[in-house]
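A.B. asks: below are the sequence and a predicted model for it; my questions follow.
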Amino acid sequence: MERFETIDISGDAGIRAFGASLEEAFVNAALGMYSLVTDLERVNEAKTLRVEVTGDSREGLLVAWLNELIFHLDTYGFIGRRIEVLEFGEHRITADVSGEEFDTGRHESRLL
């Protein structure tokens with residue numbers, strides 16, 4: 001099964017995530033988002049970050065999840081390669097995200 005696909009949204013890039021479960025779709029949404037930044041095959045699993053977020057709805061939880069990952073990318077340069085979900089519910093996700101800090105010498109930036 002395809003994990004995600006990149007889509008064009010009025011000249012911008014987006015992703016459509018897939019999964020056999022909502023939990024798997026959340027993981028694939030995060031990996032798809034990271035793939036817009038760089039080639040994930042070049043990202044090492046040097047560090048693991050525990051991420052815990054809540055949301056008022058499934059949609060709100062997805063937004064909170066991706067926003068938290070974007071926060072760590074923008075603030076600390078952390079980009080994930082592997083995600084292990086520890087807890088997943090209607091309004092909460094806890095996961096270990098393994099990756100490393102973005103390295104301009106090794107990671108080609110796909111962002112403009």
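C.D. replies: Here it is on my side, so go on.
A.B. asks: count the neighbours of residue 108 for me.
C.D. replies: Number of residues near residue 108 (other C-beta atoms under 10 Å) recorded here: 9. From N, CA and C alone the C-beta is placed, and that goes for glycine too.
A.B. asks: hey, what's residue 9 bridged with?
C.D. replies: Residue 9 has these beta-bridge partners by DSSP bridges: residue 12.
A.B. asks: quick one: it and residue 43, what's the gap?
C.D. replies: 24 Å (C-beta to C-beta, to the nearest Å).
A.B. asks: which one's more surrounded, those two?
C.D. replies: residue 43 (23 against 8).
A.B. asks: ok, that one - contacts?
C.D. replies: Counting by C-beta atoms under 8 Å, 6 or more residues apart in numbering, residue 43 touches 34, 79, 80, 81, 99, 100, 107.
A.B. asks: beta-bridge partners for the second one, please?
C.D. replies: So the one you mean is residue 79. residue 100.
A.B. asks: all helices of this protein, in order?
C.D. replies: 22-37, 58-76 (DSSP state H).
A.B. asks: give me the beta-bridge partners of residue 88?
C.D. replies: Counting by DSSP bridges, the residues bridging with residue 88 are residue 93.
A.B. asks: that one: neighbouring residues, count only.
C.D. replies: So residue 88, with other C-beta under 10 Å, has 16 neighbours.
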